[in-house]
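Participant: need a 3D model of the following:
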Amino acid sequence: MEQRLAAVLTLGCKLNLADSAEIAAGLRARGYRVVDHVCEADAYVINTCSVTHVADAKSRKLIRSIRRLAPGAAVAVAGCYPNSAGHEAVRELGADFVAGTREADRAAVVDFLASARPAAAAPPAPEPLLAPGLTRAFIRAQEGCNDVCAFCIVPRTRGRETSRPPHAVAADVQRAVEAGAREVVITGTQLGAWGRDVDPPMRPHHLISAILERTDVPRLRFSSLQPQDITPELLALWSDPRLMPHFHLALQSGSDAVLAAMRRRYTARDFLLAAERIRAAVPSVAITTDVIAGFPGETEADFAATLALCREVGFARVHAFPYSPRSRTAAARMPGQLAPEVKKERMARLLALGEELSLAFRRAHRGSVRPVLWEEPREGGWFGHTDTYVPVYLEAPGADLRNRITPVELGEVYHDGVRGALPATEAP
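Facilitator: Residues are numbered from 1 along each chain as shown. As a prediction, the model looks like this:
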């Protein structure tokens with residue numbers, strides 16, 4: 001039987017990337033050839049996002065586009081958007097099969113496509129989680145969120161918290177390494193909550209310790225955390241050079257009044273202290289963050305406090321979002337909803353500050369030597385990321401650096417990253 005082609009298309013967060021990798025592995029095990037880009041295929045999986053209205057719109061647009069591109073193909077839609085919009089609404093967009101965000105949903109997607117579009121005979125051995133040619137794997141350690149942040153619909157789309165056992169996560173990490181991954185990113189809906197639903201409760205440092213002890217992973221990243229997750233036990237693990245000096249610490253606002261209205265579980269001072277602890281424990285660390293502009297009731301003084309805190313921390317990158325009302329959330333019903341032009345103006349200032357801080361971080365490291373994982377050829381040379389997740393562009397015509405980790409001298413700012421130069425001892 002001719003091998004059929006499936007395109008697995010992903011919108012949204014790193015957890016969605018991990019979920020898509022799981023679906024793709026299942027499809028390869030059923031005999032499909034799998035790609036991660038839009039093309040003419042026999043079957044499609046659209047793994048959606050619903051964190052904002054913009055994400056909803058992107059999900060709807062992609063579903064409609066794929067249905068027009070391939071009217072005869074099997075189209076399965078999964079992820080957060082079906083859980084927020086309703087499965088019937090997704091079917092009306094052109095989906096043949098609709099699923100949610102849980103493990104059983106991902107298995108159901110694979111089963112549906114395997115029966116709707118039978119592929120070639122399955123290979124005799126289990127397929128790895130890492131797709132051929134990739135250098136970085138995303139592994140899910142936790143699912144769901146019990147927090148009730150006023151602006152967030154994710155607890156409704158992802159459900160209650162469940163933690164995967166450390167041995168299961170470590171086994172997936174090792175599988176990815178054996179398949180060729182040089183870097184693994186551990187993801188979750190609320191990763192700092194890992195372990196608090198088990199008996200006896202555990203903390204994220206227990207999970208990281210298990211991964212380091214049980215795997216040969218060369219580079220390990222731990223996805224988004226909050227200030228209350230930054231404990232001495234956690235930071236002590238960063239003495240292991242396999243843990244990358246990069247923390248994504250979600251801020252959302254620098255105003256205590258806004259943080260309280262958001263139902264975040266920390267204050268601005270808590271955040272600053274967490275950042276200070278990280279910098280003291282991890283030299284040359286990169287701290288990145290998420291910030292929301294224009295939350296209901298946010299005053300100019302509140303927003304100024306956010307800008308001031310961002311400057312004080314000196315983030316390597318700021319992911320900025322305008323507040324987006326989500327139905328069935330507390331914030332959507334709050335008084336003090338800001339006018340679109342106010343949110344737009346504050347977003348412009350936040351984006352400008354984010355770019356200023358990013359440039360300062362990259363310029364501060366000019367002349368330093370950092371390890372870079374080379375991921376793909378680009379612009380006639382090579383593209384990769386430092387251990388601090390700074391994009392690096394290298395002029396190396398004719399070289400083959402894919403999936404190698406080499407020391408690189410960082411140069412001037414270029415595009416969203418920096419230019420790099422290989423030391424003489426590393427020249428290809």
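
Participant: any weak-confidence spans in the protein?
Facilitator: For the chain, the stretches with pLDDT under 70 are 1-2, 117-133, 425-428.

Participant: do a quick rundown of the helices in it.
Facilitator: Taking DSSP state H as the test, the helices found in the chain are 14-29, 53-69, 80-85, 87-92, 103-116, 154-158, 166-178, 204-214, 232-236, 256-262, 268-281, 300-313, 340-364.

Participant: quick one: the fifth one to helix 14-29, angle?
Facilitator: Between the direction of helix 103-116 and that of helix 14-29, the angle (axes from the mean of the first three to the mean of the last three C-alpha atoms, to 10 degrees) works out to 40 degrees.

Participant: what's the end-to-end length of stretch 239-257?
Facilitator: This stretch, stretch 239-257, spans 36 Å end to end (C-alpha to C-alpha, to the nearest Å).

Participant: tell me the buried residues in that stretch?
Facilitator: 242-256 (16 or more other C-beta atoms under 10 Å). C-beta coordinates here come from the backbone N, C-alpha and C atoms, glycine included.

Participant: ok, stretch 92-99 next?
Facilitator: So, applying 16+ other C-beta under 10 Å, buried residues of stretch 92-99: 93, 94, 95, 96, 97, 98, 99.

Participant: do stretch 205-214 as well
Facilitator: For stretch 205-214, a neighbour-count test (16+ other C-beta under 10 Å) marks 205, 207, 208, 209, 210, 211, 212 as buried.

Participant: with distance to residue 373 added, can I get those in a markdown table?
Facilitator: Formatted as a markdown table, those follow (distance: C-beta to C-beta, whole Å):
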| residue | distance to residue 373 |
| --- | --- |
| 205 | 24 |
| 207 | 22 |
| 208 | 19 |
| 209 | 23 |
| 210 | 23 |
| 211 | 18 |
| 212 | 18 |
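
Participant: closest to residue 235 out of those?
Facilitator: residue 205 (8.7 Å; C-beta to C-beta).

Participant: is it true that that closest one touches residue 233?
Facilitator: Yes - counting by C-beta atoms under 8 Å, residue 205 touches residue 233, with 4.3 Å between them.

Participant: residue contacts, the residue nearest to residue 261 when sequence neighbours are not counted?
Facilitator: Spatial nearest neighbour of residue 261, chain neighbours left out: residue 297 (6.0 Å); criterion: C-beta to C-beta, 6 or more residues apart in numbering. By C-beta atoms under 8 Å, 6 or more residues apart in numbering, the residues touching residue 297 are 257, 258, 261, 334, 335, 336.

Participant: 10 Å instead, please
Facilitator: 255, 257, 258, 261, 331, 334, 335, 336, 337, 338 (C-beta atoms under 10 Å, 6 or more residues apart in numbering).

Participant: buried subset of the residues you listed?
Facilitator: Among the contacts of residue 297, the ones that count as buried by 16+ other C-beta under 10 Å are 255, 258, 261, 331, 337, 338.

Participant: the first one against residue 293, yeah?
Facilitator: No - between residue 255 and residue 293 there is no contact, the gap being 11.6 Å when judged by C-beta atoms under 10 Å.

Participant: burial measure for residue 312, as a count.
Facilitator: 14 (other C-beta atoms under 10 Å).

Participant: spatially nearest residue to the residue most central in space within the chain (excluding sequence neighbours)?
Facilitator: Centroid check for the chain by C-alpha atoms, centre = their mean gives residue 14 as the closest residue, at 2.5 Å. Once flanking residues are discounted, residue 14 sits nearest to residue 187: 4.4 Å by C-beta to C-beta, 6+ apart.

Participant: how near is the one you found to residue 19?
Facilitator: Distance, residue 187 to residue 19, by C-beta to C-beta, to the nearest Å: 9 Å.

Participant: common neighbours of these two, please.
Facilitator: 13, 138, 140, 143.

Participant: if I look at the third one, how far off is residue 279?
Facilitator: For residue 140, the distance to residue 279 equals 29 Å [C-beta to C-beta].

Participant: next one: the last one
Facilitator: Between residue 143 and residue 279 the computed distance is 31 Å (C-beta to C-beta).

Participant: swap in the first one?
Facilitator: Summarising the geometry, the distance separating residue 13 from residue 279, computed by C-beta to C-beta, is 26 Å.

Participant: which one of the two is surrounded by more residues?
Facilitator: residue 13 (21 against 15).

Participant: grab the nearest non-local neighbour of that one.
Facilitator: residue 49 (6.9 Å).

Participant: so residue 347 touches residue 320, yeah?
Facilitator: Yes - judged on C-beta under 10 Å, residue 347 makes contact with residue 320 at a distance of 6.2 Å.

Participant: joint contacts of these two?
Facilitator: Common neighbours of residue 347 and residue 320 (C-beta under 10 Å, 6+ apart) are 291, 292, 293.

Participant: so the second one sits against residue 258, correct?
Facilitator: So the one you mean is residue 292. Yes - between residue 292 and residue 258 there is a contact at 8.5 Å, judged by C-beta under 10 Å.

Participant: common neighbours of the two, please.
Facilitator: Common neighbours of residue 292 and residue 258, using C-beta under 10 Å, 6+ apart, are 252, 298, 306.

Participant: re the thing from before, quick one: which of the contacts of residue 297 is nearest to residue 113?
Facilitator: residue 331 (37.4 Å).

Participant: how close does that closest one get to residue 296?
Facilitator: Distance, residue 331 to residue 296, using C-beta to C-beta: 6 Å.

Participant: next: residue 262.
Facilitator: Noted for residue 262: a distance of 10 Å to residue 296, by C-beta to C-beta.

Participant: and for residue 181?
Facilitator: Distance from residue 181 to residue 296, by C-beta to C-beta: 42 Å.

Participant: just residue 161 next, same as before
Facilitator: Residue 161 is 27 Å from residue 296, by C-beta to C-beta.

Participant: same deal with residue 240?
Facilitator: 43 Å.

Participant: same deal with residue 149?
Facilitator: Using C-beta to C-beta, residue 149 is found at 13 Å from residue 296.

Participant: list residues touching both of the two?
Facilitator: 262, 330, 331.

Participant: of the residues you listed, just say which sits nearest to residue 229.
Facilitator: Nearest to residue 229 among these: residue 262, at 17.0 Å, using C-beta to C-beta.

Participant: is it true that that closest one touches residue 292?
Facilitator: Yes - counting by C-beta under 10 Å, residue 262 does reach residue 292; the two are 7.9 Å apart.
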